[in-house]
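Asks: coordinates for the following, if possible.
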Amino acid sequence: MVDAKGGGDAQAVAQQVSDGIASLPDVGSVSPPVPNAAGDTALLLVTPESSPASAATEGLVGDIRDRAADVRHDTGAAIAVTGTTALNIDISRRISDTLLPCLAVVVGLAFLLLMAMFRSILVPLKAALGFLLSLAATFGMMVAAFQWGWAADILGVSTPGLIVNLLPVIIIGLVFGLAMDYEVFLVSRMRESYVRDGRPREAVVTGFAHSTRVVTAAVLIMISVFSGFVLSESTMLQAFGLSLAAAVFFDALVVRMTIVPAVMALLGHRAWWLPGPLDSLLPDIGIEGEAEETRHLPRPRPSVPSPGDARPANDPRLL
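Replies: This next block holds a predicted model:
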């Protein structure tokens, strides 16, 4: 669109812009300028030779916008590039620019919250790294299946090579929620056992034994539901369902139920270490109920019975 409201003939300026755009690479055709009734605005339709989602089309949009400064300097008219293709390019670029800062804020706040809940530095660090690992595996699967076309015939993906720009944002939010949910569910039971007995390896075994059945059942249900979207004819729904099913599999079965117990067992007492100054600064928001009240109390030593305490074999209290 050529806006010549600041002065000048929109038709003449639009024709000049049209001639300049036609000389750019990857331009298939440029329609004749269509002025409005007032004659101060004109529309041009530029058709690229490449597909709307290709890098060449994105470069063409950038080249046209780069010419806007020269046109304004020479004629006083403004150039605006709009339409579905330009809008999708702008949205994708804005998402790409804000994705890493948003991810850093989310992971950082989760780290602080988990550190206050579990009174540990290594546990929230492990949770954050596990989330990033699950996210990387999910994105890798998305690229392999929907951009590179791996197993496209098996999955029924009709047009590999394109991923909707909003899908990574949705996947990040859902994977983060699932990852923190499973992390808190599993590690909170380990924390309860450790606070009560002070034995880290036994705490891992106890927490895992109490949580694994519930987590496994939930994982199988969610994978079954999300996999059903793969049967859809919409590529977006296929990518959405397969990505979430893969995210649940990676995060719950691989990270939370395999890597997390192994790392916790290897860390031992170090898993629950928190510097004293930091411990005093953090709010006490433990999630294990009354067990947290005994966190700072000395653990009682097991009593050893004296010889006089021996009971006869027929004592009914031994039954």
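
Asks: where exactly do the helices run in the protein?
Replies: 10-22, 55-75, 84-118, 122-146, 152-155, 167-197, 200-227, 235-248, 260-267, 276-281 (DSSP state H).

Asks: out of those helices, nearest to Gly39?
Replies: Closest approach to Gly39 among the helices of the chain (CB to CB): helix 10-22, 5.8 Å. All C-beta atoms are positioned from the backbone trio N, CA, C, and that covers glycine.

Asks: and that closest one with helix 55-75, angle?
Replies: Taking axes from the mean of the first three to the mean of the last three CA atoms, to 10 degrees, one finds helix 10-22 and helix 55-75 inclined to each other by 140 degrees.

Asks: ok, and for helix 10-22, which residues are buried?
Replies: Neighbour-count burial for helix 10-22, counted by 16 or more other CB atoms under 10 Å, picks out 10-11, 13-18, 21.

Asks: return the closest of these with respect to Met236.
Replies: For these, the nearest to Met236 is Ile21 (31.9 Å; CB to CB).

Asks: okay, now the nearest residue to the closest one once chain neighbours are set aside: neighbour count?
Replies: In space, Ile21 comes closest to Val30 once its chain neighbours are excluded; the distance is 5.4 Å by CB to CB, 6 or more residues apart in numbering. A count of neighbours around Val30, defined by other CB atoms under 10 Å, yields 18.

Asks: Val30 bridge partners, please.
Replies: For Val30, the beta-bridge partners are Val46 (DSSP bridges).

Asks: that one contacts Ser23, correct?
Replies: No: counting by CB atoms under 8 Å, Val30 does not reach Ser23; the two are 9.9 Å apart.

Asks: for the protein, where's the lowest mean pLDDT among helices and strands?
Replies: Least confident helix or strand of the chain, by mean pLDDT, DSSP states H and E, is helix 152-155 with a mean of 76.

Asks: counting by contacts, list what that helix packs against.
Replies: Under the contact criterion of 3 or more CB pairs under 8 Å, 6 or more residues apart in numbering; DSSP states H and E, helix 152-155 touches no helix or strand at all.

Asks: only C-alpha atoms, please: export that helix in CSV.
Replies: Output of helix 152-155 as CSV, limited to C-alpha atoms (Å, rounded to 0.1, in the frame of the first residue of the first chain):
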residue,chain,number,x,y,z
ALA,A,152,5.2,-38.9,7.1
ASP,A,153,3.5,-41.8,5.3
ILE,A,154,3.0,-43.8,8.6
LEU,A,155,1.7,-40.8,10.4
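
Asks: give the buried residues for that helix.
Replies: Of all the residues in helix 152-155, those buried under the rule 16+ other CB under 10 Å are 152, 155.

Asks: what's the answer for stretch 65-78, then?
Replies: Across stretch 65-78, burial judged by 16+ other CB under 10 Å covers 68, 71, 75, 77-78.

Asks: understood, closing this out.
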